[in-house]
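A.B. asks: Take this sequence and fold it.
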Amino acid sequence: MTDYSVLAGSLGTPRPKPPCEPQLKPFTDEPWSKADGYAVVDARSGGRCECNGIDKPGCGRRAEIHHHIAGRGGDDPHRPTNLLHLTDECHRRIHAHPKQSYKDGTMRSRLAVES
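C.D. replies: Residues are numbered from 1 along each chain as shown. Okay, here's the model as predicted:
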């Protein structure tokens, strides 16, 4: 018969799970993947709408959509500086009023995006 009580002490206490945090992409010349870009934006927004842009408070409601400020075309469309986390209502408002959105910075020409 095996004495398992000897093994019990060697197992120790279980380690706590590490916090679930997004993995930040190391600096490379490769474009951001959609998942990596969205994860950074989700962490930045805290799940709340950024309808007034990154530097101003949003409406504060739960965000549902990732909006591409300069569209999804181009070399690196999913980098976090090109994304806003928005509610569906705020996203529709941005696209319904492009002149105001360009003025606010929630829409931008792809030609004006830094590399």
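A.B. asks: which residues in the protein form helices?
C.D. replies: 5-11, 34-45, 88-96, 98-104 (DSSP state H).
A.B. asks: Out of these, which is the most enclosed?
C.D. replies: helix 34-45 (a mean of 17; mean count of other Cβ atoms under 10 Å). (C-beta placed from N, C-alpha, C; glycine too.)
A.B. asks: ok so, going back, could I get the helices of the chain as JSON lines with distance to His68 and mean pLDDT?
C.D. replies: Output for the helices of the chain, formatted as JSON lines (distance: least, Cβ to Cβ, whole Å; pLDDT from 0 to 100):
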{"stretch": "helix 5-11", "distance to His68": "49", "mean pLDDT": "50"}
{"stretch": "helix 34-45", "distance to His68": "9", "mean pLDDT": "94"}
{"stretch": "helix 88-96", "distance to His68": "11", "mean pLDDT": "93"}
{"stretch": "helix 98-104", "distance to His68": "12", "mean pLDDT": "90"}
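A.B. asks: which one of those helices lies closest to Cys59?
C.D. replies: Closest of those to Cys59 is helix 88-96, at 6.2 Å (criterion: Cβ to Cβ).
A.B. asks: Which residues does that closest one contact?
C.D. replies: The contact list for helix 88-96, computed with Cβ atoms under 8 Å, 6 or more residues apart in numbering, reads 49, 51, 58-59, 64-65, 67, 86, 101, 106-107.
A.B. asks: which among those residues end up buried?
C.D. replies: Buried subset of these (neighbour count, 16 or more other Cβ atoms under 10 Å): 49, 51, 58, 67, 86, 101, 106-107.
A.B. asks: pLDDT check: weakest of these?
C.D. replies: Of all the buried ones among the contacts of helix 88-96, Gly58 carries the smallest pLDDT score, 73.
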